[in-house]
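J.: following is a predicted model, sequence given first.
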Amino acid sequence: MGRRMKTYVRRYTTVRAVRWYKLGDCPEIEPLGPDGPDPDEVCAWCSRPYNDHGWCKDDHDTVCPGDWIVEEKGADGPRIRVMGDGLFRRTFKPVEDGE
């Protein structure tokens with residue numbers, strides 16, 4: 001099925017996140033639509049063809065393989081956003097079991 005989300009903490013905020021590699025890893029990520037970039041075109045961020053990418057409708061953003069899908073609690077319920085690996089690792093640290 002999909003990959004299991006783990007718990008991470010950002011300063012005083014706890015979020016759930018999973019690293020995305022391909023369609024099926026996270027149900028919130030959909031295939032790029034027909035109005036998206038040419039599937040064989042190369043992404044400027046990760047240098048991989050857009051055929052390897054997904055679309056996060058909550059964050060209105062393209063998802064590169066290796067990006068993190070972050071679920072934050074918001075006033076209107078959970079909010080899903082996309083975050084690159086470098087920014088994610090500078091912003092969050094894993095929550096150890098029992099914390």
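T.: Noted; the coordinates are in hand.
J.: how near is Glu28 to Arg81?
T.: According to C-beta to C-beta, to the nearest Å, Glu28 stands 10 Å off from Arg81. Heads up, the C-betas are built off the backbone N, CA and C, glycines and all.
J.: next one: Leu32
T.: 17 Å.
J.: circling back to that earlier point, more neighbours: Glu28 and Arg81, which one.
T.: Glu28 (21 against 17; other C-beta atoms under 10 Å).
J.: from memory that one sits against Pro78, does it?
T.: No. Glu28 lies out of contact with Pro78 (C-beta atoms under 8 Å); the separation is 9.4 Å.
J.: list the contacts of the residue nearest the centre of the chain.
T.: The chain has Ile69 as the residue nearest its centroid, 2.3 Å off, counting by C-alpha atoms, centre = their mean. Taking C-beta atoms under 8 Å, 6 or more residues apart in numbering as the contact definition, Ile69 lies against 5, 17-20, 26, 28-29, 56, 63, 80-82.
J.: pLDDT value on it, please?
T.: On the pLDDT scale, Ile69 is placed at 94.
J.: tell me the spacing between it and Val18.
T.: For Ile69 relative to Val18 (C-beta to C-beta), the value is 5 Å.
J.: quick check: neighbours shared by the two?
T.: With C-beta under 8 Å, 6+ apart, Ile69 and Val18 have common neighbours Met5, Cys26.
J.: can you show me the helices along this structure?
T.: Here the chain has its helices, by DSSP state H, at 85-91.
J.: can you find the helix or strand in this structure with the smallest mean pLDDT?
T.: Lowest on mean pLDDT, DSSP states H and E among the helices and strands of the chain sits strand 6-10, with a mean of 78.
J.: what residue ranges in the chain score low on pLDDT?
T.: Where the chain drops to pLDDT under 70, the residues are 1, 10-12, 97-99.
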